[in-house]
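Engineer: Structure for this input, please:
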Amino acid sequence: MLRINGEEHEAAGMLLSDYLQEAGYSAQRIAVERNEAIVPKAEYGSVRLEDGDVIEIVSFVGGG
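Structural biologist: Just a heads-up that it's a prediction; the model follows:
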């Protein structure tokens, strides 16, 4: 079990990129923090989510 944006999820074992795609996120419009460290976009496809991880996903929105 891991925590994503404050909610418990059973996504352990998934690649971060697969989780993001499944959850409907556009990688170009987000930033991801894993256990208090920013994950570079180039690493989304190699980071495997693990039990106990704390993930924060921040979406960027345009506006004025």
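Engineer: C-alpha only now, for contacts and for neighbours.
Structural biologist: Noted.
Engineer: Can you report how many residues neighbour the nearest residue to residue 29 once chain neighbours are set aside?
Structural biologist: Distances taken as Cα to Cα, 6 or more residues apart in numbering put residue 60 closest to residue 29, at 5.4 Å, once the chain neighbours are dropped. Neighbours of residue 60 under the rule other Cα atoms under 10 Å: 10.
Engineer: my read: residue 60 touches residue 32, true?
Structural biologist: No. Using Cα atoms under 8 Å, residue 60 is not in contact with residue 32; the gap is 11.3 Å.
Engineer: Average pLDDT for stretch 12-31, rounded please.
Structural biologist: For stretch 12-31, the mean pLDDT works out to 94.
Engineer: Show me which residues of it are buried.
Structural biologist: Using 16 or more other Cα atoms under 10 Å as the test for burial, stretch 12-31 gives 12, 14-17, 19-20.
Engineer: neighbouring contacts of that stretch?
Structural biologist: 1-2, 11, 38-39, 41, 44-51, 57-61 (Cα atoms under 8 Å, 6 or more residues apart in numbering).
Engineer: Give me the ChimeraX select line for those, limited to the buried ones.
Structural biologist: To isolate the buried ones among these in ChimeraX, judged by 16+ other Cα under 10 Å, type:
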select :2,11,39,44,47,48,49
